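>>> Give me the fold of what follows.
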Amino acid sequence: MKQPFEIKTGWPLDTGGVARFLDRNFDFDQMTTGLLEEKLFEDPMADPGLCFSAYHNETLVGFLYAVRRDIRGEAFGYVKLMAVEHDYRRKGIGTAMYRAAEESLVSRGATKIRIYDVPLNYFMPGIDPRYTPALCMVWKLGFKQFGESVNMVADLEASDWSTEKEEQMLLAKGIEVRRATKEDKNELFSLLAEEWLLWQNEAGMALKNDPPSAHIALKNGRIKAFSLHNANNKGTGWFGPMGTHADLRGLGMGSLLLKRCLKDMQEEGHRTAIIPWVAPVAFYAHYVGARVERVFWRNEKEVLLGK
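Got it, this is the predicted structure:
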């Protein structure tokens, strides 16, 4: 390059421009202004001091956004978004942005850093290995792969997702199924606190939608199961998360609530539903014919305070 690049810290003044930059440089993903603003400003720990933009002659050539989380007693830093302009790669821009982010995360107490799989509000659950140069970069920076996650996809045109018969069968057992309302927030959050505390943020996002994109099952007036959609990466057809209280598992509430969400998405005009960060692959394959669409590699680096 004729001149060295400059890295600036802080929220971008033109989120539309940054969104177009990311969309252009994500080979296997899309980005919109609304989605970017959700990733930045609607993160529960949003911090402009962890947002880095690289410029060459006032042209945006790199972008990185990181967040800090305390998860189950550990101090994590996460790189949530990262891209470098195609023509400016292999010039040290990505490495320089990452090192600036690592320094800032360590100064905020992080002892481990992960790439992309960010609890509470995330874009992707790891690095798609088709982004091979990105993998090579993070490994060179000292990251090590420790696992993988998968996204599945369900064909929303394969069924009308009717659940009336199943709902009547559950009602005969004293279980009511309905769409959640904003008034259910405290009760739902109490259930999540028992086993799924990290999902409270997504539940809150789902309840903000009009109508709320959350469905629940109740026994004796208490919420015992839930299913959400459009709670993360809004507008892109993402399902989840979902869960059923241990004392009522095996009654079919999970598959029923899943189908209610898929029906919502179908009526919104989506042709497919993305089921991200899946553990029970066989469950989704059996009940809604979902198939594995993408694989993501999870990478982590230990960092030392003061280093």
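
>>> Strands of the stretch 101-250 of the chain, residue ranges please.
Assignment of strands within the stretch 101-250 of the chain using DSSP state E, counting those that start in this stretch yields the ranges 112-115, 144-155, 175-179, 214-219, 222-229, 239-244.

>>> May I have the helix or strand where G94 lies as CSV, with CA atoms only?
If you go by DSSP states H and E, G94 is part of helix 93-107. What follows is helix 93-107 as a C-alpha-only set of coordinates in CSV (Å, rounded to 0.1, in the frame of the first residue of the first chain):
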residue,chain,number,x,y,z
ILE,A,93,-4.8,-5.5,8.6
GLY,A,94,-6.7,-8.3,10.2
THR,A,95,-3.9,-9.1,12.6
ALA,A,96,-3.5,-5.5,13.6
MET,A,97,-7.2,-5.2,14.4
TYR,A,98,-7.2,-8.4,16.3
ARG,A,99,-4.2,-7.4,18.4
ALA,A,100,-5.9,-4.1,19.3
ALA,A,101,-9.0,-6.0,20.2
GLU,A,102,-7.1,-8.5,22.3
GLU,A,103,-5.3,-5.8,24.2
SER,A,104,-8.6,-4.1,25.0
LEU,A,105,-10.3,-7.4,26.0
VAL,A,106,-7.4,-8.3,28.3
SER,A,107,-7.6,-4.8,29.9
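
>>> who's in contact with it?
Applying Cβ atoms under 8 Å, 6 or more residues apart in numbering, the external contacts of helix 93-107 come out as 5, 7, 9, 49-50, 52, 54, 61-64, 66, 68, 77, 79, 82, 84, 113, 134, 137-138, 140-141, 303-307. (Each C-beta comes from the backbone N, C-alpha and C, glycine too.)

>>> Average pLDDT for it, rounded please.
Average pLDDT, helix 93-107: 97.

>>> List the contacts of the closest residue to L198 other than its chain neighbours.
Leaving out its chain neighbours, the residue that sits closest to L198 by Cβ to Cβ, 6 or more residues apart in numbering is P119, at 4.7 Å. For P119, the contact set (Cβ under 8 Å, 6+ apart) comprises R69, I71, L198.

>>> I'd like the strands of the stretch 101-250 of the chain laid out as CSV, including mean pLDDT, distance to V106 and mean neighbour count.
Below are the strands of the stretch 101-250 of the chain laid out as CSV (pLDDT from 0 to 100; distance: least, Cβ to Cβ, whole Å; neighbours: other Cβ atoms under 10 Å):
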stretch, mean pLDDT, distance to V106, mean neighbour count
strand 112-115, 97, 9, 22
strand 144-155, 97, 18, 17
strand 175-179, 97, 44, 16
strand 214-219, 97, 37, 24
strand 222-229, 97, 34, 24
strand 239-244, 96, 30, 22
